[in-house]
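# output the structure for:
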Amino acid sequence: MVLLLRFVFAISTINDVQATKKDCKIEENNGYLKYVCHEEGSITEYKCLYSDEFYIQNDFHDEIKYFYNGTNICQNDPHFYQACDNRLGGKVTNKEVLCENYYCKGTGQYSGRILTPLGLSVLGKCNVDCANTVLNKEGCNDEKVALPSGKLVRPRDICNDVCDDAFNCEDEANCNGFLYGKYCLRSEKLHYIPPWGLCNSKSKQNCDGGEDKENCTVTSSTDSFCRHIRTRQTVPVHNNTRCGTVQRSDYAKPGEKFVTKPQLYCVLDEIAAYQTNCSDPARVALTCEINGYTSSVSRYILCFDDTMSVCDDHIDSSCYSTKSCKVHKHLLCDENKDCDDKADETHPICLKKTEGTCKRRVGVGRELPIPISWLRDGVWDCVDGIDETAEWPKCGVGKTFRYMASAETQCKNVFICRYGSPGYELLDDLCDGLENCGNENTICSISSRSQSLTTKVSTTNMGLTKTLSFCRKGLRSLELFISTCVDKGFMYPDGNIFGMETKTSVIVPHSKQSCDYMYGEQYLYTSCTGQCSDTSCPLRNIPRYEVCPDQFPDRVGTIVNNEYLIFLTKSFGTVYSNRFFVCTDNKTCIDYSKVCDLVHDCEDGSDEGECTNHFQCKSSGKLLPKTKKCDGQIECADLSDECNEKCSKNLLEGYILKGLTWLIGLLAIVANLIIIGKSLGTIKRCKTSVTLINRILIIMIAMGDFFIGCYLLIIAIYDGIFFKQDYCEQRITWITSYECSVIGVLSTIGSQISLFSMTGLSIVRIYGIWNSMKIPGEVKIINVFKIAAAILFLILFSTTIAVVPILEGFEDFFVNGVKFSKELKIFIGSSDKATVTKVIQAYHGRTKDTTLSWKMLIKVVREMFSRDLDYEDLTERVDKVDFFGNDGVCLFKYFVQNQDPQRLFVWSILVLNFFCFVLISISYLFIGILSRRSSRSLGRSSGNYRQIAERNNRMNRRIAIIIATDFLCWVPFILICILHSVEVIDATLLYSIFSMVILPINSVINPLLYDDVVTKIIRAPTCCLAIRISCPAIFRRFYQRASPAPAVEITLQQRYPDFEKTADTTYERSTELHGNEIRIDLTPKPRARSIN
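Residues are numbered from 1 along each chain as shown. Just a heads-up that it's a prediction; the model follows:
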């Protein structure tokens, strides 16, 4: 009667409401956007979304849950958006019926009523005819079976652990031969009473004979009892009420979504009384101690309530919550999917399991590996307790103590955490993106030189205006802004979204841009407004209402294109929007700023999968900005960012450089070996000290150039035979190797010996010419010792220059970086001192602002890792990138910059070498000038001017070649070094050319300049060839002009053997380069006598 009066009141109020109708507004109402026109008490008037119809709803004590008391059904509402209401429950389906709710306009005896699906279920949906839909008839023709009471159900709903019969659960009454509840006669018909209907003193009599109230008194012989869920009276627990199904397929209370609702016999905190000691073994989940007694526990109460445990050891409530489900710990890693997204099989504890197996107390009952975190944790997880009693292999001591998968597993030291639990991190798990140490990822990002990215754009107008930084207005850029930027409207999904009439205004550059260097919101808004030149919008999944169920509990639903539902969130109080990227699995939604930001925020990686702004490391899958690919800095542990098809480097790049290295190296070795052999053979014939020192210096020049040739040949062999195409992967190992240092020392000794010897030879020749009027002294022992001491000093000085940079005592000046063992992972490739210092600061939180030595830095890094027992100490494997390892060619580091600690040493050597070049040039210029003057004087006196001039020109040409070759080798090189040092240019790419070609070329030219033996060897076959060609005269003339000068030696040739210096005779001196000698001719000229 009361319900009828309420219904009449509602109908009578309709006309009054419509008569006083105010303007309708789009508002959130019960979780969805609607046209709300008027509210009065429990009555609300709405306008249909796509027509001018109006309808009302009223809510009297949740009556709307069963009967929708109102008028009209929106005609242009094919998917029943009108029925979306959180009070009705149900879940969004985004299929033919939204929200799983629809309204049935009753006919016949239900005429005038509008029924909800639950109301139809109560009345028997197949017995009701709807005027507006036939959805209630769905499934009515399915084949069904009759239960004992005569009720028809689908076979698949019987004994499926869910009460599909919403009110008495008869489909779960008789399972596995056990009866739950009771059958009795009611009005002479067989009737089923569910467990919770037994001993219910508040209910009307269900059984004609009162069988449902029998044995409901607790006596001294009652084993189990509890307070009844309905009456709160203490009642006995019988076998037919014990371990009954507790899940009901039903609608939740108003305001909740569609869930399974428990059907209990006892009150919740006494559930152990009737969900233990089950008669049906199929319903037993585990056996445990309850109040000291061994009991079985029903599988229906596993993970039933986080605040309640039945077992003394709480094993029944040891559960994990994932994004898609809640599951008992023993169902993790059991090779069975219990969660829709397989989260139970991908849980982090599944990554580390024992090789040994056991039967778990809960689960499939077969042998399974044991997650290592369960070992010796105080809880028996195995039926036989082996996880707590067996001697499992272990590693570490103290803070780093841990169990291992098997006895064969090698124990290794670990990374010691400054923060977090368990206080250590296995080396295999370092830098895996999971934060177990509190600051692990920060340290890894520093060591890999990860850069911070700008992922957001400027947001104004309550979030409705997004402006890229390029288009932000400034005091002097208003005119530029208007001409170069454009306002693009953005909405996703792009359609008629009810409640969102205004698109987001996105201010982007007018012309299309490359989005390869944009991230987050910048990338998404630019690409999704069509302003990217070669990139598509990464948005693929529509943010439908049902996605991401564990996020945004305050979501608001609305309809798009009158077809499907999406969810919105409210910001600034009145603005509804959806700026969330939906991952492919539909389980996670992320903000636009996290899309294409080089971080996998979706478990399936879909937030980065459609992006073109990154490069992915091969082995780890780590994402890097495109600018990091082939930038010379190693970011991927597998080196794939620097060693790939685009930029993988060889030790020597290009066939020309490879060929020149082989050619120059072989020529330098052969030519200088000839010079050394010939000079050693003639050194005994040297009669004067000047001749001896000349010959020894020529040998020293040839020896230094021979070393350079050996250096070139070794580099060529490593490039062409050992490394081939694999140099890039082995580069770090090579530049930190002992071999590279030895090669660098060899090349430095060779170049310095050669240069110093050439300098000494030029000085000796100047000295010989300057003192040409003196008779050279014979070779004496004292002179030999002086020469030997000078040569020894030259060798020691050159060796010192080469060896000092690799001495341990000077490592803080010359070591450019260190390479730790790759197993440590926090250091990738080689790390310079600044990077190692930053890692230490990040690890310790702060350090003193001081420069630490390499020795101290390495010591501090070692303390970041354990050194337990006799395990291999990987921190001891530290290779240093020394002075010669700055480049793969292992040459002296001439290219330095202001921040390099070795710059003073390098510049000192460059200045010294330049001084030697200047001294050599001045010496030979002086020789040339002196020769020219003496030749002119001799020509005038002898009348043989043309011949003497020709010989003088040949000598000048040879001198010019000596000066020019030194100039072309050293002056451009020093100039490049200066420009590189002041950072005007980056000459790094030129290093191989200078080291392999330009500087070593002198090692081939010098044998031709300082001795004629090689020239003669080359000239003989060349002359034979010249005779056979058509113009031998022209060829010989060309050869004479182009032939480089031979090696020289100072001798004194007297035109007259009986020469004696007298007062009556004067002598004219002429100097000429002839063969391997500087010949000084003295022509006697009688002095005119004076006539008194």
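# tell me how far the most centrally placed residue in the chain lies from Ala637.
In the chain, the residue lying closest to the centroid (Cα atoms, centre = their mean) is Lys622, at 2.9 Å. Note on Lys622: its distance to Ala637, by Cβ to Cβ, to the nearest Å, is 8 Å. Where you see a C-beta, it was placed from the backbone N, CA and C, and this is true even at glycine.
# how far away is Leu713 from Phe707?
On the measure of Cβ to Cβ, Leu713 and Phe707 end up 11 Å apart.
# the two - which one has more neighbours?
Between Leu713 and Phe707, counting by other Cβ atoms under 10 Å, Phe707 is the more crowded of the two (25 against 17).
# what about the more buried one, which SS state?
Following DSSP: H, G, I helix; E, B strand; the rest coil, the label given to Phe707 is helix.
# might one say that Asp487 is in contact with Ser505?
Yes: contact criterion Cβ atoms under 8 Å: Asp487 and Ser505 qualify, at 5.5 Å.
# which of these two has more residues huddled nearby?
Counted by other Cβ under 10 Å, Asp487 and Ser505 do not tie: Ser505 has more neighbours, with 15 against 12.
# A strand includes the more buried one, no?
Yes: membership of Ser505 in a strand is supported by three-state DSSP.
# just list whatever residues bridge to it.
On the basis of DSSP bridges, Ser505 is bridged to Thr465, Gly489.
# report the separation between it and Asn240.
68 Å.
# dig out what Phe178 forms beta bridges with.
Here Phe178, judged by DSSP bridges, has bridge partners Cys175.
# does it touch Val284 like I think?
No: the criterion here is Cβ under 8 Å, and Phe178 misses it with Val284 at 12.0 Å.
# that older thread, residues contacting the residue nearest to the centre of the chain?
Taking Cβ atoms under 8 Å, 6 or more residues apart in numbering as the criterion, Lys622 is in contact with 616, 635-636.
# repeat the analysis, applying 10 Å as the threshold.
431-433, 444, 448, 450, 598-600, 614-616, 635-638, 640-641 (Cβ atoms under 10 Å, 6 or more residues apart in numbering).
# among those, the buried ones, what's the PyMOL command?
Selecting only the buried entries of the contacts of Lys622 in PyMOL, with 16 or more other Cβ atoms under 10 Å as the criterion:
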select buried, resi 431+432+444+448+450+598+599+600+614+615+616+635+636+637+640+641
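# so, low pLDDT: which residues of the stretch 951-1092 of the chain?
For the stretch 951-1092 of the chain, residues meeting the criterion pLDDT under 70 lie at 951-953, 955-956, 1010-1092.
# who touches both of Leu713 and Phe707?
The overlap between the contact sets of Leu713 and Phe707 (Cβ under 10 Å, 6+ apart) consists of 668-669.
# tell me which element Asp900 falls in.
Assigned by DSSP states H and E, Asp900 belongs to no helix or strand.
# over to the one 4 residues further on?
For Leu904, the enclosing helix or strand under DSSP H and E is helix 903-942.
# ok, then the element right after that helix?
Downstream of helix 903-942, the first helix or strand assigned by DSSP H and E is helix 945-981.
# other residues contacting the helix or strand following that following helix?
Following helix 945-981 in sequence order, the next helix or strand is helix 991-993 (DSSP H and E). Outside helix 991-993, the residues within contact range by Cβ under 10 Å, 6+ apart are 649-654, 656-657, 660-661, 715, 886-889, 891, 893-895, 976, 980, 987, 999.
# out of the residues you listed, which are buried?
The buried subset of these - by 16+ other Cβ under 10 Å - is 650-652, 657, 660-661, 715, 886-889, 891, 893-895, 976, 980, 987, 999.
# pretty sure His600 contacts Glu608?
Yes: at 6.0 Å, His600 counts as touching Glu608 under the criterion of Cβ atoms under 10 Å.
# give me the common contacts of the two.
By Cβ under 10 Å, 6+ apart, the residues touching both His600 and Glu608 are 594, 621, 623.
# tell me which of those residues fall in strands.
Mapping the shared contacts of His600 and Glu608 onto strands (DSSP state E) picks out Leu623.
# now the shared contacts of His600 and Glu608 in JSON lines, with pLDDT and neighbour count?
Output for the shared contacts of His600 and Glu608, formatted as JSON lines (pLDDT from 0 to 100; neighbours: other Cβ atoms under 10 Å):
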{"residue": "Lys594", "pLDDT": "92", "neighbour count": "20"}
{"residue": "Gly621", "pLDDT": "84", "neighbour count": "12"}
{"residue": "Leu623", "pLDDT": "88", "neighbour count": "19"}
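# just the shared contacts of His600 and Glu608 now: which is nearest Thr389?
Among the shared contacts of His600 and Glu608, Gly621 lies closest to Thr389 (Cβ to Cβ), at 40.2 Å.
# what about that closest one, distance to Thr442?
Gly621 is 20 Å from Thr442, by Cβ to Cβ.
# what stretches of the stretch 401-550 of the chain score poorly on pLDDT?
Along the stretch 401-550 of the chain, segments meeting pLDDT under 70 span 473-483.
# quick one: residues contacting Ile271.
So Ile271 contacts 226, 229, 246, 262, 264-265, 298, 300-301, 304-305, 308, 310 (Cβ under 10 Å, 6+ apart).
# kindly recompute the last result at 8 Å.
Ile271 touches 264, 301, 304, 308, 310, counting by Cβ under 8 Å, 6+ apart.
# tally of neighbours for the nearest residue in space to the last one that is not next to it in sequence?
Just to be clear, that refers to Val310. Leaving out its chain neighbours, the residue that sits closest to Val310 by Cβ to Cβ, 6 or more residues apart in numbering is Ala272, at 4.3 Å. If you count neighbours by other Cβ under 10 Å, Ala272 ends up with 22.
# quick one, what contacts Ala272?
290, 301, 310.
# what bridges to the closest residue to Asp384 other than its chain neighbours?
Leaving aside its sequence neighbours, Asp384 sits nearest to Cys358 (Cβ to Cβ, 6+ apart; 6.6 Å). On the basis of DSSP bridges, Cys358 is bridged to Leu368.
# now Cys358: how far from Ala285?
Noted for Cys358: a distance of 17 Å to Ala285, by Cβ to Cβ.
# who has more neighbours out of these two?
Ala285 (22 against 19).
# assign a three-state SS to the closest residue to Lys137 other than its chain neighbours, would you?
Sequence neighbours aside, Cys126 is the residue nearest to Lys137 in space, at 6.5 Å (criterion: Cβ to Cβ, 6+ apart). Here Cys126 is helix, with the state taken from three-state DSSP.
# tell me who's in contact with Cys126.
136-137, 140.
# show me which of these are buried.
Asn136.
# now render the contacts of Cys126 as CSV, adding secondary structure, pLDDT and distance to Tyr50.
Rendered in CSV, the data for those read as follows (DSSP: H, G, I helix; E, B strand; the rest coil; pLDDT from 0 to 100; distance: Cβ to Cβ, whole Å):
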residue, secondary structure, pLDDT, distance to Tyr50
Asn136, helix, 85, 24
Lys137, helix, 85, 26
Cys140, coil, 81, 31
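# identify, from the contacts of Cys126, the entry nearest to Trp907.
For these, the closest approach to Trp907 (Cβ to Cβ) belongs to Asn136, at 92.8 Å.
# ok, the closest residue to that closest one other than its chain neighbours to Tyr110 distance?
Leaving aside its chain neighbours, Asn136 sits nearest to Lys125 (4.3 Å; criterion: Cβ to Cβ, 6+ apart). For Lys125, the distance to Tyr110 equals 11 Å [Cβ to Cβ].
# now Ile696, what's its secondary structure?
Three-state call for Ile696 (three-state DSSP): helix.
# wait, Val153 sits on Glu143?
No: between Val153 and Glu143 there is no contact under Cβ under 8 Å: 10.8 Å.
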